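Engineer: Please find the sequence and the predicted model below.
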Amino acid sequence: MFLRNGLEPWHLLIVAVVLILLFGSKKLPDTARALGKSLRILKSETKAMREDGTESSPTAAAPAPQVTPAQAQAPAQTPTSTDARPVQ
């Protein structure tokens with residue numbers, strides 16, 4: 001017995017036969033190759049996400065905001081209020 005009340009070897013044989021009948025013998029290698037590439041990409045992305053999570057710390061410097069040339073040439077605008085009384 002493979003697993004108790006689970007998959008037995010003949011269940012796997014039936015699944016294999018159904019897959020061959022549905023997709024044909026020519027499509028199965030291409031499908032398996034595409035599945036392998038997808039899993040490889042998923043694995044590398046999850047590894048990169050884990051590394052990014054462990055390397056970041058609260059003292060790490062945040063990247064500087066990028067300034068476009070139009071923003072660099074524009075004069076700085078100061079906020080004005082309608083009630084401009086001097087502060088005493």
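Structural biologist: Looks like it arrived, so ask away.

Engineer: ok, and residue 11, which helix or strand is that part of?
Structural biologist: For residue 11, the element it lies in under DSSP states H and E is helix 9-55.

Engineer: same question for that helix, mean pLDDT?
Structural biologist: Averaged across helix 9-55, pLDDT comes to 89.

Engineer: So which elements touch it?
Structural biologist: Helix 9-55 makes packing contacts with no helix or strand when contacts are defined by 3 or more C-beta pairs under 8 Å, 6 or more residues apart in numbering; DSSP states H and E. Where you see a C-beta, it was placed from the backbone N, CA and C, and this is true even at glycine.

Engineer: burial count for residue 28?
Structural biologist: A count of nearby residues for residue 28, using other C-beta atoms under 10 Å, gives 14.

Engineer: neighbours around residue 37, how many?
Structural biologist: Residues lying near residue 37 (other C-beta under 10 Å) number 10.

Engineer: and what of residue 25?
Structural biologist: There are 8 residues near residue 25, going by other C-beta under 10 Å.

Engineer: how far away is it from residue 18?
Structural biologist: If you measure residue 25 against residue 18 using C-beta to C-beta, to the nearest Å, the figure is 13 Å.

Engineer: swap in residue 8?
Structural biologist: Distance of residue 8 to residue 18, given as C-beta to C-beta: 16 Å.

Engineer: ok, now residue 36?
Structural biologist: Going from residue 36 to residue 18 by C-beta to C-beta gives 21 Å.

Engineer: just residue 46 next, same as before
Structural biologist: Plainly put, residue 46 is 31 Å away from residue 18 if you go by C-beta to C-beta.
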